[in-house]
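Chemist: When you get a sec, could you give me coordinates for this:
(chains A, B, C and D)
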There are 2 protein chains.
Amino acid sequence: MAGNRITLKDIAKAVGLSMATVSRALADHPDISRATKDRVREVAQTLSYIPNYRARYLRAKHSRLIALIVPEMNMFFMPSMIAGINRVVQQNDYSLIVFQSDNSIVQERRLVEYCTQLSADGVLMVLSSETANLQHLDVLSDCSIPVVLLDKTIETVKHTTITIDDQEAGREAAAYLIGHGHTRCIGVFSDQRQRISALRLKGFQRAHAELGLPLADTQILRVAMIDELEEQLDRAFAAHPDLTAIFTMTDELLVHTHHLLSRRGTRIPEDVSLLAISDGQAPAFLHPNVTHLRHSGVELGERTAHILIGMIEHNSDAMMDVRIRTTLVELGSVATRTPPPKRRAKR
Amino acid sequence: MAGNRITLKDIAKAVGLSMATVSRALADHPDISRATKDRVREVAQTLSYIPNYRARYLRAKHSRLIALIVPEMNMFFMPSMIAGINRVVQQNDYSLIVFQSDNSIVQERRLVEYCTQLSADGVLMVLSSETANLQHLDVLSDCSIPVVLLDKTIETVKHTTITIDDQEAGREAAAYLIGHGHTRCIGVFSDQRQRISALRLKGFQRAHAELGLPLADTQILRVAMIDELEEQLDRAFAAHPDLTAIFTMTDELLVHTHHLLSRRGTRIPEDVSLLAISDGQAPAFLHPNVTHLRHSGVELGERTAHILIGMIEHNSDAMMDVRIRTTLVELGSVATRTPPPKRRAKR
DNA sequence: GTCGGCCCAACAATCGGTTGCGCAAGAATT
DNA sequence: AATTCTTGCGCAACCGATTGTTGGGCCGAC
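Modeler: Residues are numbered from 1 along each chain as shown, chains lettered A, B, ... in the order given. Got it, this is the predicted structure:
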C-alpha cells in the first residue's frame, strides 16, 4: 500500500537533523530556532510530508475516533441524527466510525468489543431492539471509554442517555387531539419491547386518564412489523366507527398510515385527523401537511456528540439523563371537532 | 483514558515468557507448543486482554479503515447506500469512517487529506456538487490509497466509478411514458451542474428524439433548490395544458412533486401520470404507489464496497466504470392514454 | 581566563505490538 | 558417540511518531 510514504525520518535525513528536532520543529516547539523551523518546514513541504496520525496517537494513547453503533439505517431518523453527530465530531477533529448491529444483540456485543480494540475514545449507541440489558457495555468502562446512549435506550442508572422526552410527547399528542374535540383517537405505536415505544404509549394513556377520557385497548395499535399495520388499522376502523383522529408515534408509521388512509379514501382532516411525532421532513411532503410534535434528529445528534466529547476531554464520568422536548408544529392535518354533539355523536 | 489496559507485556510477565512468544501464541503460530499456547490464552483470558489494533496495524502498514465522504445526509439515498457499504465493510473486518463535506469543495479537499493522515486503506466518495475536477484526489494516489467514486461523480479517466446507468434510466423513463400514450411529459430534474442530473436529462431527451416526439424546453424543469419546484411546476402546467405525465429524477423531487400535485387537486393517474427513478421506498408510501425505475442503494453500496476492498487487497489499480441498470416496477401511478384522440385532446 | 547560563539539537525511551533470525535442548540419524 | 534435525522460545529491530534528559557550543560576566 502506502509503501513509499514520507516519514519524519526521511525529512530528518534530508535536512541533516534528528527526528526529534524535526518533530519539534514541525510542532513549533520553542526549543527549536526559527531558522531550523523554516528549513524543516520547507523540506517537509517539498517532500509533501503527511504525518501519520496513528503513530502519533499510539504514543498519545488516544485515537480521536468516536464510534457510533446503530441498529439499522432507516431513512427517517438516522440521516439527520448522523448528520448532527458528524458535524460536531468533525468540528472537534474527531472521526466518526459507523457500525450497524442489524438489530442483533450478538452483533452489538461484537461491535462494542471491536470499539475497545480500535481504542475508540468514545462510543455512541442506539440500542438494538434485542438489547435487554447493558452488561456488554462493561468492557467499555473497563477500558474507561465513555459511552452515551441515545434515542433508543433502556432503563439504566449507569449510563448517560439522551432521548426525546418520549412520555411527554405521547401525553401532549393525546392532549392536543382531545383538546381539539377528538374523543376517540387511535394511537399507532411500534414494538412494545422498545422503551421509546412504551413511553410514548404511556404518555398517550396518561393524557386520556388525566382528561377523564376512556381509552379502549383496541384504540392502541402495536405494530411490530410494518406490514401488520393495514390489518390493525382496518380492525380499529371497524371497532370504532366514531374514531376521528389517529396519532402515529414515528415517521415510518406516519407515512404508511397516511398511505393507507389515502387508499381507503379517508380524507384528512375532514374524516380523520392525523397527528405525528416527527422530525418534520415527512410531514412536509404529505398532503395535507401533517401537524406534529417536532423533534430534531440533528439537534439530538449534536447535543449527544457534544456531551460525549465533553466526557472524553474532561474525563468526566458524571451520568446524565437528558430529555429533549418536542415542539408542536401545527399544519393542516388536524381538524377541530366542535363540542361533540350530545356525547354520542354519529351512530 | 484507558490508563490501565492490559498489554502483551503484562501477559508476558504473568506467564513468564517473552512478548514475542506471547504474541505468537495468541496468533496460533506453529512455532509455539500447544501447552504454551493454552497457558498464554488462559492468562490472556483471565486478565481480559484486549489487543490494540492500532499498534498492530502500525506495524502492518495498513489500518483496515475505509473512509466514506458524502456531500450530505439526505433521507432518500444515503441510508440505504451506507447500509450496503457498511454491511460489506463489516463483513470484511474493515471499519467505515463517515465524513460529510457539506457540499463544499474546501471541506472535501480537507477530508481527503485527512484520510491520508489517518492512513485509510481506501476511500469511497460521493462528490460534492461543487466539485469540478479531481485534482484533490491526487494526494490519495501519491499514498497509493485506492479510491472509488460512486453515485454522484464527474467525468474521469483515472478513477473507478460506480453509478446508476443514469442516461439509460432517463431514456427508459421517457420511453415508458411515451409508450403509454403520453405525448406531453414534464421532466423534473435537479441541478444541472451535476452529472447525474445532466445524464438523466440527456436520456430523457434522447428518447423523445428517437421516438420522434417534440420536447420543448419548458417541459424540462431544472430544480436547483427544492422550494423552486412549486413555481416551476405551476409554470409548466400553465404552459402545457395538454400535459399528462410527469417524470421525477429523484426521490426528493418525487415526494415534493407528489405533494404539490395533491395540493392542487390533481388526481394521479387520472389527470396526470407520475413516474420516478427511485429506490422504491417513497413510491411505496405515496398514494397511489408510484411506478418507478428502481435502483437499489443497498446494491450500489455493496458492489462499491466489494470493488474497493478488491482493489485494496489485490493491490489492483485497474480502472473500471460500472453502471448499474434500473429495473421497472409498475405500480399505480401511470395511466395508459389511448391513442391521443385527434392529437389535441382536451381543450 | 574560567565559569555559569542559555540555546539548540541529539540520544534514547516509549507507545503496543509483529517478525526475522539465532540458539539451546532434545530427538533422530548414522 | 558424534552429527544433523526439529522443536520451542528469546533477542532485538521495526512501524512512525513524541518527549524527558543530556550535552556541546557560544555568550557574557566576574
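Chemist: and residue A:261, what does it touch?
Modeler: A:246, A:268, A:272, A:274 (Cβ atoms under 8 Å, 6 or more residues apart in numbering or on different chains). In short, each C-beta sits where N, CA and C put it, glycine included.
Chemist: Just list the residues touching the third one, thanks.
Modeler: Each residue near residue A:272 by Cβ under 8 Å, 6+ apart is listed here: A:243-246, A:261, A:266.
Chemist: Looking at those residues, which is nearest residue B:253?
Modeler: Taking Cβ to Cβ as the measure, residue B:253 lies nearest residue A:261 of the contacts of residue A:272, at 23.8 Å.
Chemist: mind listing what's buried in whichever strand or helix holds that closest one?
Modeler: Residue A:261 is part of helix A:251-263 when elements are defined by DSSP states H and E. By neighbour count with 16 or more other Cβ atoms under 10 Å in any protein chain shown, helix A:251-263 contains the buried residues A:251-262.
Chemist: Next secondary structure after the lengthiest helix in chain A?
Modeler: Using DSSP state H to define each element, chain A has its longest helix at helix A:297-314. As assigned by DSSP H and E, the chain's next helix or strand after helix A:297-314 is strand A:321-324.
Chemist: Show me what that following strand packs onto, helices and strands only.
Modeler: strand A:160-164, helix A:297-314 (3 or more Cβ pairs under 8 Å, 6 or more residues apart in numbering or on different chains; DSSP states H and E).
Chemist: Could you export the ones you listed to a markdown table, including columns for mean pLDDT, distance to DNA strand D and mean neighbour count?
Modeler: Below are the helices and strands packed on strand A:321-324 laid out as a markdown table (pLDDT from 0 to 100; distance: least, Cβ to the nearest atom of the strand, whole Å; neighbours: other Cβ atoms under 10 Å in any protein chain shown):
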| stretch | mean pLDDT | distance to DNA strand D | mean neighbour count |
| --- | --- | --- | --- |
| strand A:160-164 | 95 | 29 | 23 |
| helix A:297-314 | 95 | 16 | 21 |
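Chemist: Compare these and give me the one nearest residue A:70.
Modeler: Proximity of the helices and strands packed on strand A:321-324 to residue A:70 was assessed by Cβ to Cβ; the nearest stretch is helix A:297-314, lying at 11.2 Å.
Chemist: Contacts for the longest helix of chain A, please.
Modeler: A:66, A:77-89, A:92, A:94, A:121-124, A:146, A:148, A:150-151, A:160, A:162-164, A:279, A:316-317, A:320, A:322, A:324, B:1.
Chemist: try 7 Å this time
Modeler: With contact meaning Cβ atoms under 7 Å, 6 or more residues apart in numbering or on different chains, helix A:297-314 is reached by A:66, A:77, A:80-85, A:87-89, A:92, A:94, A:121-122, A:124, A:146, A:148, A:150-151, A:160, A:162, A:279, A:316, A:320, A:322, A:324.
Chemist: which of the buried residues of helix A:251-263 are close to DNA strand C?
Modeler: Counting by Cβ under 7 Å from any atom of the strand, the subset of the buried residues of helix A:251-263 that neighbours DNA strand C is empty.
Chemist: out of those, which one sits closest to residue B:13?
Modeler: For those, the nearest to residue B:13 is residue A:252 (54.0 Å; Cβ to Cβ).
Chemist: For the nearest residue to that closest one once chain neighbours are set aside, the count of nearby residues, please.
Modeler: Distances taken as Cβ to Cβ, 6 or more residues apart in numbering or on different chains put residue A:76 closest to residue A:252, at 5.7 Å, once the chain neighbours are dropped. Burial measure for residue A:76: 21 neighbouring residues, criterion other Cβ atoms under 10 Å in any protein chain shown.
Chemist: among the helices and strands packed on strand A:321-324, which is nearest DNA strand C?
Modeler: Among the helices and strands packed on strand A:321-324, helix A:297-314 comes nearest to DNA strand C, with 17.1 Å by Cβ to the nearest atom of the strand.
Chemist: what separates the closest one from the chain centre, distance-wise?
Modeler: Relative to the mean C-alpha coordinate of its chain, helix A:297-314 is positioned 12 Å out (Cα atoms, centre = their mean, to the nearest Å).
Chemist: Can you name the residues in contact with stretch A:103-122?
Modeler: A:62-67, A:69, A:71-72, A:94, A:97, A:99, A:101, A:123, A:128-131, A:136-137, A:139-140, A:143, A:145-146, A:308, A:311-312, B:1-2, B:50-54, B:95.
Chemist: hang on, isn't residue A:283 packed against residue A:277?
Modeler: No: counting by Cβ atoms under 7 Å, residue A:283 stays clear of residue A:277, with 10.2 Å between them.
Chemist: still on that earlier bit, pick the one among the contacts of residue A:272 closest to DNA strand D.
Modeler: Nearest to DNA strand D among the contacts of residue A:272, with distances taken as Cβ to the nearest atom of the strand, is residue A:246, at 58.9 Å.
Chemist: hang on, the earlier thing: same for DNA strand C: which of the contacts of stretch A:103-122 are within range?
Modeler: B:50-52.
Chemist: before we move on, back to that, tell me who's in contact with the residue nearest to residue A:252.
Modeler: Counted by Cβ under 7 Å, 6+ apart, residue A:76 has contacts A:251-252, A:282, B:75.
Chemist: did I read that right, it in a strand?
Modeler: No: secondary structure of residue A:76 (DSSP: H, G, I helix; E, B strand; the rest coil): coil, not part of a strand.
Chemist: Please indicate which of the contacts of stretch A:103-122 are buried?
Modeler: Using 16+ other Cβ under 10 Å, the buried ones in the contacts of stretch A:103-122 are A:62-67, A:69, A:71, A:94, A:97, A:99, A:101, A:123, A:128-129, A:131, A:136-137, A:139-140, A:143, A:145-146, A:308, A:311-312, B:1-2, B:50-54, B:95.
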